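S.K.: got a predicted model here, sequence first, then my questions.
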Amino acid sequence: MPGNPSPKGKRPQFKRNKNYIRKNDRIRCREVRVIGPSGKMIGVMDPKEALKLAQSAGLDLVEISPNAKPPVCRILDFGKYKYELSKKKKESAKKSSASKLKEIKFRVSTGKHDYETKLRHAEQFLAHGHKVKLTVTFRGREMAHQNLGREMIASAIEDLKTMGTGEKGAKLMGRKMSTLVIPLPKGKQQLKFSKEIVEDVDEIDHHDDEEEDDDEDEELHDGEHNPEEGEGEHD
């Protein structure tokens, strides 16, 4: 059976793409306020006349303020205009993400290879202007060896000193000991464990989240009762 028809006399409504930019013959309002290629205001006119001016200059007529009354259009190179918009968007995204807090997680038993891998991740975060939280998680009887956690954090701060400045003293909250590393100015940073700065650090976040899940699973298993333990021979 065919689908339900739309109510008689009503046209289907389509959502307009917010990123769509009208230009040239797609500008169909009655009049527009036109800015010339140099940035000088030309005035209010019919969009067809404005388009002729743009074409005579070998450029495009681009709507830059669609909600103004009348809409504001500028005569320019549309390709360059889109490139500049894309560039500004990327710069804005970088600035908005500069103050994020990232976390690098260790265990008391973290080996040299894993330790260096984690510091490479920390270097990448610091290189992108992120603050880095260094955390050591204690499991079971490891709580009796908190000094090992402090030594690991102190070692990480020392190894990251060419990329950031660590806070003095690590704080213990429950089974986690942590401290913060603040990035140095970019001109003063020097990579020690990484060969180069990567553009995307999302995969690093994913890796650490997976490891945190492993930590929780192992803590759960450590706390489970083994029925075979404590069942010695009875007299």
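M.R.: Yes, it's here. Numbers count the residues shown, from 1 in each chain.
S.K.: quick check: mean pLDDT of the one helix or strand residue 116 maps to?
M.R.: For residue 116, the element it lies in under DSSP states H and E is helix 112-127. Confidence for helix 112-127, expressed as mean pLDDT, is 95.
S.K.: remind me which residues of the protein are low pLDDT?
M.R.: In the predicted model, the chain carries pLDDT under 70 at residues 1-18, 93-99, 202-235.
S.K.: circling back to that earlier point, flag every buried residue along the helix holding residue 116.
M.R.: Neighbour counts over helix 112-127 (16 or more other Cβ atoms under 10 Å) mark 115, 117-127 as buried. In this view, the C-beta of every residue, glycine as well, is placed from N, C-alpha and C.
S.K.: burial measure for residue 46, as a count.
M.R.: Applying other Cβ atoms under 10 Å, we find 12 residues neighbouring residue 46.
S.K.: now residue 55
M.R.: Using other Cβ under 10 Å, residue 55 has 13 other residues around it.
S.K.: hang on, it in a helix?
M.R.: Yes. Residue assignment for residue 55, taken from DSSP: H, G, I helix; E, B strand; the rest coil, places it within a helix.
S.K.: just the helices in the protein please.
M.R.: Secondary structure of the chain, counting by DSSP state H: helices at 47-56, 78-96, 112-127, 146-159, 202-223.
S.K.: residues in contact with the shortest one?
M.R.: To tie it back to what came earlier, the one meant is helix 47-56. Helix 47-56 is touched from outside by 24-25, 27-29, 31-32, 34, 36, 42, 60-61, 73, 75, with contacts defined as Cβ atoms under 8 Å, 6 or more residues apart in numbering.
S.K.: follow-up on the earlier one: closest one of the buried residues of helix 112-127 to residue 105?
M.R.: residue 118 (7.7 Å; Cβ to Cβ).
S.K.: so what's that closest one up against?
M.R.: Contacts for residue 118 (Cβ under 8 Å, 6+ apart) come out as 104-106, 110, 156.
S.K.: got the residues you listed as JSON lines, with distance to residue 145 and neighbour count columns?
M.R.: Output for the contacts of residue 118, formatted as JSON lines (distance: Cβ to Cβ, whole Å; neighbours: other Cβ atoms under 10 Å):
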{"residue": "104", "distance to residue 145": "20", "neighbour count": "23"}
{"residue": "105", "distance to residue 145": "17", "neighbour count": "19"}
{"residue": "106", "distance to residue 145": "13", "neighbour count": "22"}
{"residue": "110", "distance to residue 145": "13", "neighbour count": "18"}
{"residue": "156", "distance to residue 145": "17", "neighbour count": "23"}
